[in-house]
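Asker: mind looking at a prediction? Sequence and model below.
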Amino acid sequence: SGKWAKAMDILREFEDKCGTPIAKLRQVADAMTVEMHAGLASDGGSKLKMLISYVDNLPSGDENGIFYALDLGGTNFRVLRVKLGGVGNVKKEFQEVSIPPNLMIGKCEELFDFIAGELAKFVATEGEDMQIPPGTQRELGFTFSFPVKQSSIAGGTLVRWTKGFNIEDAVGQDVVDELTKAMERIGLDMRVSALVNDTVGTLAGGRYSNPNVIAAVILGTGTNAAYVERANAIPKWQGLLPKSGEMVINMEWGNFRSSHLPLTEFDESLDNDSLNPGEQIFEKIISGMYLGEIVRRVLLKMAVEAEFFGETVPLKLQKPFILRTPDMSAMHHDSTPDLKVVATKLKDILEITNTSLKMRRVIVEVCETVATRGARLSAAGILGILKKIGRDTVKEGEENQKSVIAMDGGLFEHYTKFRKAMQTAMDELLGEEASRNMIIELSNDGSGLGAALLAASHSQYR
Ligand code: ADP
Ligand code: MG
């Protein structure tokens, strides 16, 4: 009928606009490299903040002692206690706590009181073998996965919130001060020795076990990347050149945007309706917080303009963020011949029943389009980094030089088709030889260990 044809028009147009042929990915990668240069040249020089992490030495393997870490940056936060005794001799204990949603959009003090309280409970479970030497103070590596303008390894002010957090009175505050004050309020004696972005933590954790790690990428609720830059390639760095000659840069690549990005009307409306319009455009087309929501918006248009689900538009389909990326992923991976999983998800989440197999196939195709675009653009972003540091090609005499990207995040870990599309794009972009030397390594919760390692190397007792 005419309605089905209309729905197909919407689908085809969406697919066209989401196209990521190799030539386009190269343009995106080149734009990423250009913006990296601009962000390193001056503060405010680019959408890419290219934040200086004050980490100029990555873990050596000699780190020793008992340290705490705290990871705040998504819907959950983790507290971690590690005993470091050299590579392969690490004892980890951790606990994960979900953040009450009202605290994500409330007051600064309330959030930090909650965090300090949970940390104190965790400290209280310290066993015999996890005690720090008498007379010393516990030390903590604080992984805080939002843009922070650092003033030192253990201090920095919040630039802005992302990923659904919006606590106005925290913007501009020093997050280490806020955490320290909250710990003091409840009498928890602990020093924050390192403040790190999760990308920087993941890079540190990855390097600890693999010296070829040169960058870290997060593909989870949000997305971001960090990499090791030559200190003398950072014009905006006013300080002394570090002895190592290197500096880890937190790119904040989620805020990347470029005229080359394949954006659609759905991305525009999602952005307009978001807590942070105009910001984090790359993140909004790539990361786990948004992929399912893009799918919902496409299906909603098909429902409204082509009566795809019948004469009335399903009520639930009109609810923002009701379709989560893990559910999208489950539908996308549905391998049953009659797409049972899709049918179940539609029923359970959207209260849509009586879909035909043909309709369910269309829904899978929407998932495929959204996931593939995100995955291929992520690969282009990585190519941008490799180009910036001259690792995108194999150089004479360095035929066996490996470049390892430490990867973390639930999207990459659990969304198999996303991960595979990303690897395919990476191989296409690099070519056979170079792609043999580029390895993406899943570093599951490497950022917690990384933060503890950085707390150790910046310990007051070192
Ligand atoms: P965070 O990014 O919040 O620190 P994670 O790295 O664990 O936490 O990533 C969680 C995100 O990963 C979720 O918000 C979701 O978008 C995505 N995710 C989790 N499980 C799946 C899944 N099975 N399929 C697709 N995406 C998933
Ligand atoms: Mg995380």
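Answerer: On my side now, so go ahead. Ligands and ions are numbered 1, 2, ... in the order given.
Asker: let's see stretch 33-43 as PDB, backbone CA atoms only.
Answerer: C-alpha atoms of stretch 33-43 as PDB (Å, rounded to 0.1, in the frame of the first residue of the first chain):
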ATOM      1  CA  THR A  33      43.400  15.500  13.300                       C
ATOM      2  CA  VAL A  34      43.000  19.200  12.300                       C
ATOM      3  CA  GLU A  35      40.900  19.800  15.400                       C
ATOM      4  CA  MET A  36      43.400  18.100  17.600                       C
ATOM      5  CA  HIS A  37      46.100  20.500  16.400                       C
ATOM      6  CA  ALA A  38      43.800  23.400  17.000                       C
ATOM      7  CA  GLY A  39      42.900  22.300  20.500                       C
ATOM      8  CA  LEU A  40      46.600  21.800  21.400                       C
ATOM      9  CA  ALA A  41      47.500  25.200  20.100                       C
ATOM     10  CA  SER A  42      45.300  27.200  22.400                       C
ATOM     11  CA  ASP A  43      42.500  27.000  25.000                       C
END
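Asker: for this protein, which segments are assigned as strands?
Answerer: Along the chain, the segments classed as strands by DSSP state E run 51-52, 64-72, 76-85, 90-98, 138-144, 148-152, 155-158, 190-196, 213-219, 223-230, 246-250, 403-408, 438-442.
Asker: and the top helix by length along the chain with ligand 1, contact?
Answerer: Longest helix of the chain, by residue count under DSSP state H: helix 357-388. No: contact of helix 357-388 with ligand 1 is not found when judged by CB under 6 Å from any ligand atom; the minimum separation is 8.8 Å. Glycine gets a C-beta too; all of them are placed from N, C-alpha and C.
Asker: quick one, that helix and strand 223-230 angle?
Answerer: Counting by axes from the mean of the first three to the mean of the last three CA atoms, to 10 degrees, helix 357-388 points 20 degrees away from the direction of strand 223-230.
Asker: list the buried residues in helix 357-388.
Answerer: Neighbour-count burial for helix 357-388 flags 359-360, 362-364, 366-388 (criterion: 16 or more other CB atoms under 10 Å).
Asker: residue 430 against residue 438, yeah?
Answerer: Yes: if you go by CB atoms under 8 Å, residue 430 and residue 438 touch, sitting 5.9 Å apart.
Asker: what touches both of those two?
Answerer: Taking CB atoms under 8 Å, 6 or more residues apart in numbering as the contact rule, residue 430 and residue 438 both touch residue 386.
Asker: so residue 448 versus ligand 2, what's the distance?
Answerer: 9 Å (CB to the ion, to the nearest Å).
Asker: nearest residue to that residue other than its sequence neighbours?
Answerer: Sequence neighbours aside, residue 80 is the residue nearest to residue 448 in space, at 4.3 Å (criterion: CB to CB, 6 or more residues apart in numbering).
Asker: the one you found contacts residue 90, doesn't it?
Answerer: No: in this structure residue 80 lies outside contact range of residue 90 using CB under 8 Å: 10.9 Å.
Asker: what is in contact with the two at once?
Answerer: residue 449.
Asker: more crowded one of these two?
Answerer: The neighbour comparison of residue 80 against residue 90 (other CB atoms under 10 Å) goes to residue 80, with 24 against 16.
Asker: for that one, give the beta-bridge partners.
Answerer: Under DSSP bridges, the beta-bridge partners of residue 80 are residue 69, residue 94.
Asker: could you measure from it over to residue 252?
Answerer: Residue 80 sits 24 Å away from residue 252, going by CB to CB, to the nearest Å.
Asker: excluding chain neighbours, what is closest to the closest residue to ligand 1 within the stretch 51-200 of the chain?
Answerer: Closest residue of the stretch 51-200 of the chain to ligand 1, CB to the nearest ligand atom: residue 74 (1.8 Å). Excluding its sequence neighbours, the residue lying closest to residue 74 (CB to CB, 6+ apart) is residue 221, at 4.2 Å.
Asker: since that was my last question, I'll sign off now.
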